[in-house]
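> give me a 3D structure for the following:
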Amino acid sequence: MKLGAFSISLSVKDLGISKEFYEKLGFTVFGGDTKMNYLIMKNGNSLIGLFQGMFDKNIITFNPGWDENASPLDSFDDVREIQASLKKDNIELNSEADPVTSGPASVTLTDPDGNQILIDQHR
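Predicted coordinates for the structure are as follows:
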């Protein structure tokens, strides 16, 4: 199963303070918009999303169809294929992609320890 780019999406209290902290760890702004209350930061192949006021808990994020530079991959598993495989393995999904559509869609699930996982396909 090809899940694509991996990042952690952090629920932060103050976007500016978090941005400054992660810059001190060598991260630079890669995407996002402070006016929209989120930034994507990058350090090498590591990606961190900082989100203020968008969700309560941190989320493990995968982006099928993208590499860690948000560049399209030639070959990837569509989120609907991933969803079908997860369901076949009896993994409970919190939200599902419409299986008859194509293009952008997402699936959410929770691991055994309560960690939220987002599989978010942008293309």
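> next, count neighbours for the residue lying closest to residue 31 once chain neighbours are set aside.
Closest residue to residue 31 apart from its sequence neighbours, by Cβ to Cβ, 6 or more residues apart in numbering: residue 40 at 3.9 Å. All C-beta spots, glycine's among them, are computed from the backbone N, C-alpha and C. Other residues lying near residue 40 total 18 when counted by other Cβ atoms under 10 Å.
> same question, residue 85
12.
> what segments of the protein are helices?
Per DSSP state H, the chain carries helices over the ranges 15-24, 79-88.
> what is the neighbour count of residue 27?
20.
> kindly report the same for residue 54.
14.
> likewise the one 3 residues further on?
The number of residues packed around residue 57, counting by other Cβ under 10 Å, is 11.
> quick one: the closest residue to it other than its chain neighbours from residue 100, how far?
Taking Cβ to Cβ, 6+ apart as the measure, residue 57 lies nearest to residue 116, with 5.7 Å between them; neighbours along the chain are not counted. Distance, residue 116 to residue 100, by Cβ to Cβ, to the nearest Å: 26 Å.
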